[in-house]
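Peer 1: With the input below, show me the fold.
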Amino acid sequence: MFIDTHCHLEKKYYDDIYKVIEDNRKANIDKIVVSGCEKEEIKEVIEYAKKYDDVYLTLGFHPEYADSVTKEDIIWLKEIVSNNKKIIGIGEIGLDYYYSKENREKQIILFRNMLELAKEFNLPVVIHSREATKDTIDILKEFKLKGIIHCFSGSLETAREYIKMGYYLGIGGVVTFKNSNLRETLKELSLDNIVLETDSPYLAPTPLRGTVNSSKNIPLIAEELTKIYSVSIAEVSSKTISNTKVIFNI
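Peer 2: Numbers count the residues shown, from 1 in each chain. As a prediction, this is how the structure comes out:
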């Protein structure tokens, strides 16, 4: 069995949501944690969590919406989080300076608001950080929460800093890419610090790179970890599920 700690599940990506769920189950994916990152997406994924027992949620406004999220939107999200037991974390939230640094201050304000929400409800966070490592780490140190660094692909030094702060590294399809340095980084770290994710429909693992990803592909990522750590697939399953349960109350 496996848990996908981070994926996106929307009709704009998949023609048949029920088939996606069924395919996941056939691939021994026990649970999936679906991320809702903007208002309409949040409304949609809440319905899937109601319908499917194996769907859990992390909700939060992604930094790409920093220019448009209002105080009313944050109040709206707070009400949703307070009334839904399938919401097990706040995310994906964070900072993204890859496309633009012009709204840096707005991103930081939104990030802090989301972290305050997590603190208020004692929930873990799922962190998106792109070309914003220093600001991300500095802000996370203020809040002293726990959670996952989503789609981690940074340096060994950065990985150790996050781990020291109590965060786990979300490892997905990137670890299977030939041009990725992530394998070398992970060799210096313990499986105790890792959880599995797909970020589907993005970042399909090799040999499916370039196709629409889904949680059913988690075993391909797990297989890569068996090579890195010289352990069985059963051990990767057991350890990553155990790590996930430490973070999320599922």
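Peer 1: For the rest of this, base every contact and every neighbour count on C-alpha atoms.
Peer 2: Will do.
Peer 1: Quick one: distance of the longest strand belonging to the chain to the chain centre.
Peer 2: Counting by DSSP state E, the longest strand found in the chain is strand 87-96. The chain centre lies 8 Å from the centre of strand 87-96; the measure is C-alpha atoms, centre = their mean, to the nearest Å.
Peer 1: Tell me which other helices or strands it touches.
Peer 2: strand 29-36, strand 55-59, helix 104-121, strand 125-130, helix 133-143 (3 or more C-alpha pairs under 8 Å, 6 or more residues apart in numbering; DSSP states H and E).
Peer 1: Dump these to TSV, plus mean pLDDT.
Peer 2: Below are the helices and strands packed on strand 87-96 laid out as TSV (pLDDT from 0 to 100):
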stretch	mean pLDDT
strand 29-36	98
strand 55-59	98
helix 104-121	98
strand 125-130	98
helix 133-143	97
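Peer 1: for those, which one ends up most surrounded?
Peer 2: The highest average neighbour count among the helices and strands packed on strand 87-96, using mean count of other C-alpha atoms under 10 Å, belongs to strand 55-59 at a mean of 27.
Peer 1: hang on, the earlier thing: Throw the helices and strands packed on strand 87-96 into a markdown table and include distance to Tyr18, thanks.
Peer 2: Converted to a markdown table, the helices and strands packed on strand 87-96 look like this (distance: least, C-alpha to C-alpha, whole Å):
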| stretch | distance to Tyr18 |
| --- | --- |
| strand 29-36 | 13 |
| strand 55-59 | 12 |
| helix 104-121 | 30 |
| strand 125-130 | 25 |
| helix 133-143 | 36 |
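Peer 1: Glu188 is nearest to which of these?
Peer 2: helix 133-143 (19.9 Å; C-alpha to C-alpha).
Peer 1: For the helix or strand just after the closest one, give me every contacting residue.
Peer 2: Next helix or strand after helix 133-143 toward the C-terminus (DSSP states H and E): strand 147-149. With C-alpha atoms under 8 Å, 6 or more residues apart in numbering as the test, strand 147-149 has contacts from 124-129, 162, 166-170, 247.
Peer 1: Turn those into TSV, columns for distance to Phe177.
Peer 2: Shown next, in TSV, are the contacts of strand 147-149 (distance: C-alpha to C-alpha, whole Å):
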residue	distance to Phe177
Pro124	29
Val125	26
Val126	23
Ile127	22
His128	20
Ser129	20
Tyr162	23
Gly166	27
Tyr167	24
Tyr168	21
Leu169	17
Gly170	16
Ile247	27
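Peer 1: out of those residues, who's nearest Pro63?
Peer 2: Closest to Pro63, out of all of those and judged by C-alpha to C-alpha, is His128, at 8.2 Å.
Peer 1: hang on, that closest one packs against Gly94?
Peer 2: Yes. Between His128 and Gly94 there is a contact at 4.7 Å, judged by C-alpha atoms under 8 Å.
Peer 1: any residues in contact with both of these two?
Peer 2: Common contact partners of His128 and Gly94 (C-alpha under 8 Å, 6+ apart): His62.
Peer 1: Run through this structure and note the low-pLDDT ranges.
Peer 2: Residue ranges of the chain with pLDDT under 70: none are present.
Peer 1: Mind doing that once more with 80?
Peer 2: The chain contains residues with pLDDT under 80 at 100.
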